[in-house]
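[1] Show me the folded form of this:
(chains A, B, C and D)
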There are 2 protein chains.
Amino acid sequence: MDTRTLASDLSLAVVRLTRHLRGRRTDSQVSLTQLSALASLSADGPMTPGALAAKERVQPPSMTRVIASLAELGLVVRTPHPTDGRQIIVSLSDPGQALVTDETSAREKWMNDRLAALDDSQIAVLRESVEIISSMVSDSE
Amino acid sequence: MDTRTLASDLSLAVVRLTRHLRGRRTDSQVSLTQLSALASLSADGPMTPGALAAKERVQPPSMTRVIASLAELGLVVRTPHPTDGRQIIVSLSDPGQALVTDETSAREKWMNDRLAALDDSQIAVLRESVEIISSMVSDSE
DNA sequence: TATTGTTATACTCTATAACTATA
DNA sequence: TATAGTTATAGAGTATAACAATA
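    This next block holds a predicted model:
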């Protein structure tokens, strides 16, 4: 199967979709970047800033800023590492966990409206594509 | 079929993929935003800045900047509209067209490497998902 | 000396508001 | 008065380089 234009087509489709998603969150308390970090903490539990940066595939200084903004909102808490004084453990606060649950189940209105217009086979395709994309991104360097 | 978590899962997958794609283009002459605009011009031919902004789903001032940067690189040219003095026609230059062709066919190395690791059915799923995502984004406001 | 995290700084992308020129 | 585009300005997201603290 020819994958030559798929890389380009997929790139353009996701960059445009991301543009929409970021722009349509003005009603939400947190940005897509912040939500993504919260979702990682919810999925994998408390971890260090370095681990979270690796998981989200951003550089450590970028994650420092995201964590600082989330801590200011009271959505995450930072506690010292029990044995290594250099490290810090970041974990979801109760409001942070509640927000993740809330966003996951109900808030993505714009996209849910569009998903509702799709038929079952299209939904199935997207669900599979999420798996595939996730595996592509989480592949080793 | 349950679409409750799909909206959230798809959001997080595409935002992370976009992060990768943007970060991995440091070797390229143009950013993903610039390439997306060039691809639209290549697909649909010359158009006004307003039309291009609508197609890319960004606000006109954002597109003004993208066009200015592409013009500075010599990848697009701006010509006056033949009958309406307010409008401008943006079109690909020869180098601009060559760049689109080049990027589309060969440059997306990181993603092509990952696509090459997928089997035919996974490729087919992604190809369909591109169609679905594109239709979601190009839906009316 | 190596590792973890942060601070300092800068660039890209995108937006809203205000302005200019033309219809 | 309405439309097309631009300029001015601001904020989010991300990066690299340099620094501080700890191992």
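
[2] Show me the helices in chain A, by range?
    For chain A, helices defined by DSSP state H occupy the ranges A:4-23, A:32-44, A:49-56, A:60-72, A:94-102, A:109-116, A:120-138.

[3] quick one, what contacts the most centrally placed residue in chain A?
    Per Cα atoms, centre = their mean, the C-alpha nearest to the average position across chain A is that of residue A:36, at 2.1 Å. Residues near residue A:36 by Cβ atoms under 8 Å, 6 or more residues apart in numbering or on different chains: A:56, B:12, B:15, B:16. Bear in mind the C-beta positions are built from the backbone N, C-alpha and C, glycine included.

[4] what does stretch A:92-101 contact?
    With Cβ under 8 Å, 6+ apart as the test, stretch A:92-101 has contacts from A:29-30, A:35, A:38-39, A:41-42, A:46, A:70, A:74-77.

[5] Can you give me the buried ones in it?
    For stretch A:92-101, the neighbour count (16 or more other Cβ atoms under 10 Å in any protein chain shown) marks A:92, A:96, A:97, A:99, A:100 as buried.

[6] same question, stretch A:25-32
    A:25, A:28, A:30, A:32.

[7] Ok, stretch A:70-87 next?
    For stretch A:70-87, by 16+ other Cβ under 10 Å, it's A:70, A:75, A:76.

[8] quick one: residue A:63 and residue B:19, what's the gap?
    Note on residue A:63: its distance to residue B:19, by Cβ to Cβ, to the nearest Å, is 12 Å.

[9] any common contacting residues for these two?
    Going by Cβ under 8 Å, 6+ apart, residues that sit against residue A:63 and also against residue B:19 are residue A:56.

[10] Those two: which is more packed in?
    residue A:63 (22 against 18; other Cβ atoms under 10 Å in any protein chain shown).

[11] I'd say that one and residue A:33 touch.
    No. In this structure residue A:63 lies outside contact range of residue A:33 using Cβ atoms under 8 Å: 9.9 Å.

[12] can you tell me how far the closest residue to residue A:78 other than its chain neighbours sits from residue A:56?
    With Cβ to Cβ, 6 or more residues apart in numbering or on different chains as the criterion, residue A:78 has its nearest non-adjacent residue at 5.2 Å, and that residue is residue A:88. Residue A:88 sits 16 Å away from residue A:56, going by Cβ to Cβ.

[13] So between the two, which is more surrounded?
    Remark: of residue A:88 and residue A:56, residue A:56 carries more neighbours, 21 against 15, as counted by other Cβ under 10 Å.

[14] mind listing what that one touches?
    Applying Cβ under 8 Å, 6+ apart, the residues contacting residue A:56 are A:36, A:37, A:40, A:63, B:16, B:19.

[15] Check the gap between residue A:92 and residue A:113 for me.
    28 Å.

[16] same check, this time on residue A:50
    Residue A:50 is 38 Å from residue A:113, by Cβ to Cβ.

[17] again, but for residue A:44
    From residue A:44 to residue A:113 the distance is 30 Å (Cβ to Cβ).

[18] Many thanks, I have nothing further to ask.
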